[in-house]
Structure formats: structure tokens, C-alpha cells
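*Asks:* predicted model and sequence follow; I will ask about them next.
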Amino acid sequence: MLPPVIGRRDFLKTTGLTVGALAMGTTYWRQALAQSPTNPGPGPYGPLGAPDAFGVALPPGFTARVVAASGTPVGTTGYVWPLFPDGKATFAQPDGGFVLTVNSEVPGVGGASSISFDRDGNITGARRILSGTSTNCGGGSTPWGTWLSCEEIDGGQVWECDPLGRTAAVPRPAMGRFTHEAAAVDPKGQRLYMTEDEGNSGFYRFTPARYPDLSEGILEIATPGSGGRIAWIQVPDPTAATGETRTQVPTSMKFKRGEGLWFDTGVVYFSTTSDDRIWAYDVATEVLELLYDGVALGDAAPLRDPDQLNAHPTSGDLFVCEDADDLQIVMITQEREVAPFAQLSGPLHQAGTEFAGTTFDPEGKRLFFSSQRGGLGGLTFEVTGPFRSVLPRRPLTAAGQAAVGACQLVLRAKPAARLATVRKSGLAVGVDAAAGVLAVRLKIDGQTILSTRRTVKAGRVRLKLRPRANARKVIVRSARGRRVRGTLELRQGGQTVTRPIVLTR
């Protein structure tokens, strides 16, 4: 059964590529579809250079290094890196460093590992965080700081992991027993979305009974609704370990190998590998739109076999891994341009490898990915260079007005701040927004402790959140050890952007 999307004829009128401004919210990219098509091009960084000694081709100014090679110790840690590294995420740490989590897609072994980095990108530790699983492929990070590792096997589960391995990983069978690929959290809607790597796969939604506890909840699968909307139908037996979960709801929509998944500003983006497509699901309107169709472009398609994907945390550019084709990471930029960013070639990347697990560090300075079977069983790379850190200027519309729109909302803030500073002086944040009233607040355990409200002009704005009278009381009551987790929330009109932050003593 075909998904309820915009008509193919209307889609082809936009020359096949209808990718909007991916991190600007739903209204902007809907406007962008009507304004101009997306076209293949060199991208913001120019053409790829020659492959380096590791067979990685990048634009000028970017360099790659191997941070882990399967079968050998990670740096000086002594921890031997597993085979077939796959899905990834990063987690900010109070000291300014971060932790990189990585799955292992080995049948019968699987699991996940992590590497710790200091604020300068030096490796400080590595360890196993999940064992006893099989074929761990994609996954997703949570706003509360855990890694969701997904088993890509019949009857596979989602495993919730501590990125530092301090507590044992926990299976989450209520999220379904099927060929899991990836997961993403909608923190405002307090739901999770999941893809399934099968030839006719489902698109799933999980609503925890007590968010963010994932031990119980309702699992639903997408079915065609009215007016182009998705209708969500509950899966009768999510924990059934045998049979195909999607067949429990015969009317469910079928996708051609659902893979990469990413949530951003009210939109769930996901790829389907076998038909070269990228989709966008608006969680507010429940409408699914087709954003990229490689088949429609034919030989001109710059992106084929799309797999795992993520967005740069500040520019909003989307980075998509190719599962096969010519082994590229392809960008879909804010200017609606599709361009290669990286390519693998040479003897280290033999037939059968793939780009896997593209993800950025919390500040967007470092891109991580793996050549899943590169070298002797997997190579994990870090790319550094001049990643652009702010949204590009929007092109003019036909009416001559800057296409900013009320949905251009981006919230920039450091991933951690000191408790004493926040309590005494507040917190400074950067915002990209349209003209109008902005409301920004910092919440802990659902209570606002810092806030500001201001009328601004369109563009980049620096705001300072002022402490409320209850700030000290809430912080003291919520303190667990030396850290308190909070959520920054930015609102303008009907749009909301959230971002986690850690407060440290």
C-alpha cells in the first residue's frame, strides 16, 4: 500500500528534487518546495579532492583521521575495537569533552562500544557498553543521555545503554520485536519513532506510559489516513518474538527498507534505501511528504541507496550515508543543493563495505563515520574542517522578500554550564529567528528556572535568560551528584525548538 504523499506528477514539476530547508521547521520547507527546486551542485565546500592515504576524499580544508580500527586497541586505551562498526551518536560531558557510542553489526555478537574524548578531541578512554546481542545496526540518542542500540534481526529489540557503561544495558521489548534499524525521540511530543530494515517495512511510533521510562507504552504502526495524513494503529502484540510485527496490522504502509532516521524541529526525516528516497513526517499535522526521489532523477541522481543520516547541529545541513552506489556521504544543504561531501575508494574499502553511522560531536566541529568493513573489518573516522556554524542567508522569493519565514528557529547553546553561574547570572544563548516575539526558557523537571521574552528582528540574536525566584530551590531539589539535566526551550509563534543541557557544580 502506497504512503499518502504529494502526487508524483506534482512532485516531478519540482524537477524531482524537493528538499526544503531541513532544520528550519515545517513551514519553511513547505514554502521552499513551492519556491524553487533542489539541484545537484558542488555544495558549500566545493568539489572533492583526491583520496588521502586512507582512501577518503573530502573537500578542500577538511582532513580525516582513523580513531579506531577493528581488531586493534583504540589509541592507548587497550580496548580492542569490535568488527563492523555501524550506528553512532555523541553525548556532551560536563568537562567539555564528549562520548561517541558505536554499534557493532556482527551476527550473533553485536553489541555497542564507546570512546571518550576530551574537549580537544584527544581519546581518553574506550569500553564495551552492550554485550550478548546480535547485528546491532542503527539506533538513536535520547535527550536524557542514553544510547538506543537497535538489533537488525527478526525479533530484534531496542537496548537502552549508558554511554559510559556504568550501568548495564536494558532491553525495551515494549518498543517492538522486529528488524530494528533506527530510533529518534520527539521530546515535545514525548514519543519515539522507529524504522525497520525490510523489503516491505513499517514506520513505527512508540508512546511511553511514563516518559522518559521506555519499559512500557503503546507501539503503533503507520497506516494511510485521510487528507494525506498518517493514521496510527496500535500493534496488538509488540513483544511477539516470532512472525513479522508489521503483518499484525495488514493495512500498514509498506516502505522499501526503512533505514536512517533523524528528528529535528517537529519533523522526522527517514530514508528508504531500495527506492532511493528521503521522507519527512510532520509530527504536528501527521502528514508525510516525499522530499527526495532518486528514481525520478534517473541518471542525474547525486544520491542513491540512502542509509543513515543526521543534521549538522547548527547549520542544519543534512548528511546522508550511501549504503552502496559510489560510497559517498551526500549533503542536502539549506540552499536546496545536493552535493557529495566525502567518498571512499581504494584497497582499504573493499567490495561489501558501506558508509555507516554519520554523526557530529555536540558542537558540530567533528564528523564521525565508519567504513563498516574497511581495512580488516571496520575503520572509524573523524573529519575536521571548516564546517559552517550558522544558517546561510536565504535566497529571495519572487516577490523580492527574504525567505526567512516564521519557522526559521535555531537555538545555539553550549551543552553544559555551571550551576553557580546559572543561578547567579543566568544563561546566554544564541538564536536564529524570524521577526516577532521570542520566548526562551530553561526547564528542570518540568519547572522553568530561567526565562526571557523579547521582540526581535529577523536574523541572529543573542539573549540572556534571567533566573526566576524558584531557581535555587528547583536546582537543589533536582541535583543528582554533580549534575542536573535540563531542557532549553525556544518558542516563536507555533514553532518550538528544544535542546538538552547539563548543569554542573
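*Replies:* Done, it's in. Model, not experiment: these values are computed from the prediction. Residues are numbered from 1 along each chain as shown.

*Asks:* could you chop this protein up by domain?
*Replies:* Listed by automatic domain parsing, the domain ranges of the chain are 8-384, 410-504.

*Asks:* could I get those as JSON lines with mean pLDDT and mean neighbour count?
*Replies:* The way it works is simple: take the backbone N, C-alpha and C, and place the C-beta from them, glycine included. As requested, the domains of the chain are exported to JSON lines (pLDDT from 0 to 100; neighbours: other C-beta atoms under 10 Å):
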{"stretch": "domain 8-384", "mean pLDDT": "88", "mean neighbour count": "20"}
{"stretch": "domain 410-504", "mean pLDDT": "81", "mean neighbour count": "17"}
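
*Asks:* so Glu322 makes contact with Phe341?
*Replies:* No - with contacts counted by C-beta atoms under 8 Å, Glu322 stays clear of Phe341, the gap being 11.0 Å.

*Asks:* tell me which element the closest residue to Gly352 other than its chain neighbours falls in.
*Replies:* Nearest in space to Gly352, with sequence neighbours left out and distances taken as C-beta to C-beta, 6 or more residues apart in numbering, is Arg373 at 5.3 Å. Assessed by DSSP states H and E, Arg373 sits outside every helix and strand.

*Asks:* now Arg373: phi and psi?
*Replies:* phi -120, psi 20 (degrees, to the nearest 10).

*Asks:* now stretch 361-381: how far from the chain's centre is it?
*Replies:* Using C-alpha atoms, centre = their mean, to the nearest Å, the mean C-alpha position of stretch 361-381 is found 15 Å from that of the whole chain.

*Asks:* ok, now stretch 302-316?
*Replies:* Worked out by C-alpha atoms, centre = their mean, stretch 302-316 lies 9 Å from the chain centre.

*Asks:* now do the SS call for Val474.
*Replies:* Secondary structure state of Val474, per DSSP: H, G, I helix; E, B strand; the rest coil, is helix.

*Asks:* was I right to think it contacts Leu442?
*Replies:* No - using C-beta under 8 Å, Val474 is not in contact with Leu442; the gap is 10.1 Å.

*Asks:* quick one: common contacting residues for those two?
*Replies:* Ile449 (C-beta atoms under 8 Å, 6 or more residues apart in numbering).

*Asks:* end-to-end on stretch 320-337?
*Replies:* One end of stretch 320-337 sits 13 Å from the other (C-alpha to C-alpha, to the nearest Å).

*Asks:* nope, stretch 263-279 is what I meant
*Replies:* 12 Å.

*Asks:* ranges for the strands of the stretch 201-350 of the chain?
*Replies:* Assigned by DSSP state E, counting those that start in this stretch, the strands in the stretch 201-350 of the chain fall at 203-210, 213-224, 230-234, 258-264, 267-272, 277-282, 287-293, 306-311, 318-322, 328-332, 337-344.

*Asks:* run through who's touching the second one.
*Replies:* So that's strand 213-224. 1-4, 158, 160, 170, 172, 174-176, 192, 202-210, 230-235, 238, 245-246, 248-249, 251-253, 288.

*Asks:* next, the angle from it to strand 230-234.
*Replies:* 130 degrees (axes from the mean of the first three to the mean of the last three C-alpha atoms, to 10 degrees).

*Asks:* how about the CA coordinates for strand 213-224, as CSV?
*Replies:* Only the C-alpha atoms of strand 213-224 are listed here, as CSV (Å, rounded to 0.1, in the frame of the first residue of the first chain):
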residue,chain,number,x,y,z
ASP,A,213,10.7,5.5,31.0
LEU,A,214,10.7,3.1,28.0
SER,A,215,9.7,-0.1,29.8
GLU,A,216,6.0,0.3,29.0
GLY,A,217,4.0,2.1,26.4
ILE,A,218,1.9,1.8,23.2
LEU,A,219,3.5,0.7,19.9
GLU,A,220,1.8,1.9,16.7
ILE,A,221,2.4,1.5,13.0
ALA,A,222,1.7,4.0,10.3
THR,A,223,-1.3,3.3,8.0
PRO,A,224,-2.9,5.6,5.3
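
*Asks:* orientation of it relative to strand 277-282 in degrees?
*Replies:* Using the same axes, to 10 degrees: strand 213-224 against strand 277-282 is 110 degrees.

*Asks:* just checking: what are the partner strands of strand 213-224?
*Replies:* When sheet partners are counted by DSSP bridges, strand 213-224 sits next to strand 203-210 (antiparallel), strand 230-234 (antiparallel).

*Asks:* reformat those as TSV; add distance to Thr63.
*Replies:* Output for the strands paired with strand 213-224, formatted as TSV (distance: least, C-beta to C-beta, whole Å):
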stretch	distance to Thr63
strand 203-210	37
strand 230-234	43
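
*Asks:* what about the helices in the stretch 1-150 of the chain?
*Replies:* Along the stretch 1-150 of the chain, the segments classed as helices by DSSP state H, counting those that start in this stretch run 8-13, 26-35.

*Asks:* measure Val185 to Asn310 for me?
*Replies:* 14 Å (C-beta to C-beta, to the nearest Å).

*Asks:* oh, that last question was meant for Gly258, not what I typed.
*Replies:* Counting by C-beta to C-beta - Gly258 and Asn310 are separated by 16 Å.

*Asks:* also Gly46?
*Replies:* Counting by C-beta to C-beta - Gly46 and Asn310 are separated by 22 Å.

*Asks:* repeat for Pro107
*Replies:* 25 Å.

*Asks:* contact partners for Arg466?
*Replies:* Arg466 neighbours (C-beta under 8 Å, 6+ apart): Gly426, Leu450, Ser451, Thr452.

*Asks:* redo that, cut-off 10 Å
*Replies:* By C-beta atoms under 10 Å, 6 or more residues apart in numbering, the contact set of Arg466 is Ser425, Gly426, Leu427, Leu450, Ser451, Thr452.
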